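Student: task: produce atomic coordinates for the following.
(chains A and B)
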Amino acid sequence: MWRKQLRTPLSTFIRKTLPQSISPQLLEENITQLQNQPNSSNPCSFNTNAQTRVSRNPRIHLICNSEFLGKSSGFCSSGSPEETRSCWSCKSQGAFLICQSCGSVQPVDHSVDYFTIFGLERKFDIEVGSLEGKYKDWQKKLHPDLVHTKSEEEREYAAEQSARVIDAYTTLRKPLLRAIYIMRLEGVEVDEEQTVSEPELLGEIMEIREAVEEAMDSKSLNQIQSQMEEKLRHWYDLFANAFTSKEYDDALKAIQRMTYYHRVKEEIVKKL
Amino acid sequence: MLRHATKRILGFGLAETRSTAPAVTRIPRRFYHERVVDHYNNPRNVGAFDKNDPTVGTGLVGAPACGDVMKLQIKVDEETGKITDACFKTFGCGSAIASSSVATEWVKGKQMEEVLTIKNTEIAKHLSLPPVKLHCSMLAEDAIKAAVKDYEAKRGKSLETKAAEA
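Tutor: As a prediction, this is how the structure comes out:
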């Protein structure tokens, strides 16, 4: 299921860019892992990532690349390549979250981003329906309850991996969280301390919040809620467009709006 | 009804403070967040002035990262430039509400230039805000400045029209 036909251009490119010290077998595994993505239609981004990643990691056993990338948050900002790891238990290549050969759970690699875990392209419009299935598949393999009989080390790995998959699932499922995450991967953080003074936006939010406060029945609350959902849909689209065209300022503004509308929704839910 | 409204607005905040403040009684000892809880139990200056009143300055600020909005209004005596009254309306966490409440208390009776020197660190210290909530006090400081700026802009406009009419 995981092995796919190698695409010649990608494999040739990687062969050329990788340093000579890496064994051919390692190369094959690396390429195969990169080809794992069922939805991957963007070999270019994978190429650059593979280049940046693997060229600095001639050693097979190097686990975490976050120091290399200089990101304290541990998120890999340059892409989502599969790392070339050897299984700690059976030493075979190509272990991604769990070893294909022996089934041992691998330690968490923080440079693998959430989109990679779910085999998705790094973009905002993803197939949310497919998330649940993949999530359950992963949990069937990684859940700590399944590794009772194994070593303590492996049980720890299972707990961490399983927790990470859960984080990935919850982040990718919610559009707002997904938006913030995908911006973070690009290196753009939402500033917690920032204050804004846009009269139109704030005035609008004030009015809506006041309306929620004054609403006496669930009918009017539901009305406001559906208004919020409509606005959210509109801003999700705006965000997606801004993000793909790399207009990060507009994308941030969209996130701000989405945050505000989400807060209103939360308040409504509380009141209902 | 106003109290009910404020209790709903502040309802958010109590959940946060409950876990940290060991006692909600009025013992004047140094409890964490005692003043924040006090501002919740005794909300002061919640309300709104007429935005179009020429003696009113309205400051509307928001913190997009947490989805807070804060409106702070001041009523200024034209002759003396002194702030005679202030009110606020904040949608956000307990710290944000307490910060804006403290801000309205502090600006009353002061000169406009004087209130511009109110720093968020003073508000935060007064309320013993934890580091994660410092941006709430920042929001209050920005709200004061925005209110003053709005009043001056209005005053500037009205002086212009008066001069044009003369």
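Student: only C-alpha atoms from now on, for both contacts and neighbour counts.
Tutor: Noted.
Student: quick one: low-confidence parts of the chain?
Tutor: Looking at chain A here, since you left the chain open. In the predicted model, chain A carries pLDDT under 70 at residues A:1-84.
Student: to clarify, I was referring to chain B.
Tutor: In chain B (pLDDT under 70), the answer is B:1-32.
Student: where do the helices sit along chain B?
Tutor: B:2-20, B:34-41, B:94-107, B:112-115, B:120-127, B:134-165 (DSSP state H).
Student: any idea which helix or strand comes after the top helix by length along chain A?
Tutor: In chain A, with assignment by DSSP H, the single longest helix is helix A:218-244. For helix A:218-244, the following helix or strand on the C-terminal side (DSSP states H and E) is helix A:248-271.
Student: point out the most buried one among the helices of chain B.
Tutor: helix B:94-107 (a mean of 25; mean count of other CA atoms under 10 Å in any protein chain shown).
Student: name the helices or strands packed onto that one?
Tutor: helix B:2-20, helix B:34-41, strand B:68-76, strand B:83-91, helix B:120-127, helix B:134-165 (3 or more CA pairs under 8 Å, 6 or more residues apart in numbering or on different chains; DSSP states H and E).
Student: let me know which of these is the nearest to chain A.
Tutor: helix B:134-165 (5.4 Å; CA to the nearest CA).
Student: hmm, that closest one touching chain A?
Tutor: Yes - applying CA under 8 Å from any CA of the partner chain, one finds helix B:134-165 in contact with chain A at B:His135, B:Leu139, B:Asp142.
Student: nearest to A:Gln161 among the residues you listed?
Tutor: The closest of those to A:Gln161 turns out to be B:His135 (CA to CA; 34.1 Å).
Student: what does the stretch 101-250 of chain A put close to chain B?
Tutor: So the stretch 101-250 of chain A meets chain B at A:190-199, A:202-203, A:205-206, A:209, A:213 (CA under 8 Å from any CA).
Student: buried ones from the residues you listed, can you make that a ChimeraX selection?
Tutor: Selection of the buried residues among these in ChimeraX, burial being defined by 16 or more other CA atoms under 10 Å in any protein chain shown:
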select /A:190,193,195,196,197,202,203,205,206,209,213
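Student: re the thing from before, can I get the helices of chain B in TSV with distance to A:Leu120?
Tutor: Formatted as TSV, the helices of chain B follow (distance: least, CA to CA, whole Å):
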stretch	distance to A:Leu120
helix B:2-20	37
helix B:34-41	46
helix B:94-107	39
helix B:112-115	53
helix B:120-127	44
helix B:134-165	36
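Student: wait, B:Lys82 touches B:Glu114, no?
Tutor: No - if you go by CA atoms under 8 Å, B:Lys82 and B:Glu114 don't touch, sitting 9.4 Å apart.
Student: hmm, back to that, could you dump the helices and strands packed on helix B:94-107 into a markdown table and include distance to A:Ser226?
Tutor: Converted to a markdown table, the helices and strands packed on helix B:94-107 look like this (distance: least, CA to CA, whole Å):
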| stretch | distance to A:Ser226 |
| --- | --- |
| helix B:2-20 | 22 |
| helix B:34-41 | 31 |
| strand B:68-76 | 21 |
| strand B:83-91 | 20 |
| helix B:120-127 | 37 |
| helix B:134-165 | 30 |
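Student: element containing A:Gly103?
Tutor: Counting by DSSP H and E, A:Gly103 is found in no helix or strand.
Student: run a quick neighbour tally on it.
Tutor: By other CA atoms under 10 Å in any protein chain shown, 15 other residues sit near A:Gly103.
Student: how near is it to A:Trp138?
Tutor: 12 Å (CA to CA, to the nearest Å).
Student: what are the buried residues along the longest helix of chain A?
Tutor: Buried, per 16+ other CA under 10 Å, within helix A:218-244: A:221-222, A:224-225, A:228-229, A:232, A:235-236, A:238-243.
Student: now it against helix A:248-271, angle please.
Tutor: Put simply, helix A:218-244 runs at 160 degrees to helix A:248-271, going by axes from the mean of the first three to the mean of the last three CA atoms, to 10 degrees.
Student: what is helix A:218-244 packed up against?
Tutor: Against helix A:218-244 (3+ CA pairs under 8 Å, 6+ apart) you get helix A:199-214, helix A:248-271.
Student: next, the angle helix A:199-214 makes with it.
Tutor: Using the same axes, to 10 degrees: helix A:218-244 against helix A:199-214 is 150 degrees.
Student: list the contacts for the most centrally placed residue in chain B?
Tutor: Nearest to the mean C-alpha position of chain B, by CA atoms, centre = their mean, lies B:Ser100 at 2.6 Å. For B:Ser100, the contact set (CA atoms under 8 Å, 6 or more residues apart in numbering or on different chains) comprises B:Met70, B:Leu72, B:Phe88, B:Thr90, B:Ser137, B:Ala140.
Student: try 7 Å this time
Tutor: B:Phe88, B:Ala140 (CA atoms under 7 Å, 6 or more residues apart in numbering or on different chains).
Student: ok, now the one 4 residues further on?
Tutor: B:Thr104 makes contact with B:Asn45, B:Ala86, B:Cys87, B:Phe88 under the criterion CA under 7 Å, 6+ apart.
Student: which bits of chain B sit near chain A?
Tutor: Residues of chain B found near chain A (CA under 7 Å from any CA of the partner chain) are B:Leu60, B:Val61, B:Gly62, B:Ala63, B:Pro64, B:Ala65, B:Gly67, B:Val69, B:His135, B:Leu139.
Student: who wins on neighbours among those residues?
Tutor: B:Gly62 (31 neighbours).
Student: for it, list each beta-bridge partner.
Tutor: A:Val196, B:Val69 (DSSP bridges).
Student: for B:Asp150, see how far away it is.
Tutor: When distance is defined by CA to CA, B:Gly62 is 16 Å away from B:Asp150.
Student: again with A:Leu252
Tutor: A:Leu252 is 27 Å from B:Asp150, by CA to CA.
Student: A:Thr259 now?
Tutor: 26 Å.
Student: again, but for B:Glu79
Tutor: Relative to B:Asp150, and taking CA to CA, B:Glu79 is found at 17 Å.
Student: ok, A:Tyr157 next?
Tutor: Taking CA to CA, one finds A:Tyr157 at 57 Å from B:Asp150.
Student: now swap in A:Lys270 and tell me
Tutor: In terms of CA to CA, A:Lys270 sits 34 Å off from B:Asp150.
Student: same question, A:Trp235
Tutor: Following CA to CA, the distance that separates A:Trp235 from B:Asp150 is 30 Å.
Student: now B:Thr55
Tutor: Taking CA to CA, one finds B:Thr55 at 10 Å from B:Asp150.
Student: now do A:Leu146
Tutor: 63 Å.
Student: may I have stretch B:136-150 as PDB, with CA atoms only?
Tutor: Provided in PDB are the C-alpha atoms of stretch B:136-150 (Å, rounded to 0.1, in the frame of the first residue of the first chain):
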ATOM      1  CA  CYS B 136      -5.200  42.900  28.400                       C
ATOM      2  CA  SER B 137      -3.700  45.800  30.200                       C
ATOM      3  CA  MET B 138      -2.100  46.900  27.000                       C
ATOM      4  CA  LEU B 139      -5.500  46.900  25.400                       C
ATOM      5  CA  ALA B 140      -6.800  49.200  28.200                       C
ATOM      6  CA  GLU B 141      -3.900  51.600  27.700                       C
ATOM      7  CA  ASP B 142      -4.600  51.700  24.000                       C
ATOM      8  CA  ALA B 143      -8.300  52.200  24.600                       C
ATOM      9  CA  ILE B 144      -7.600  55.300  26.800                       C
ATOM     10  CA  LYS B 145      -5.300  56.700  24.100                       C
ATOM     11  CA  ALA B 146      -7.900  56.000  21.400                       C
ATOM     12  CA  ALA B 147     -10.600  57.700  23.400                       C
ATOM     13  CA  VAL B 148      -8.500  60.800  23.900                       C
ATOM     14  CA  LYS B 149      -7.500  60.800  20.200                       C
ATOM     15  CA  ASP B 150     -11.100  60.500  19.100                       C
END
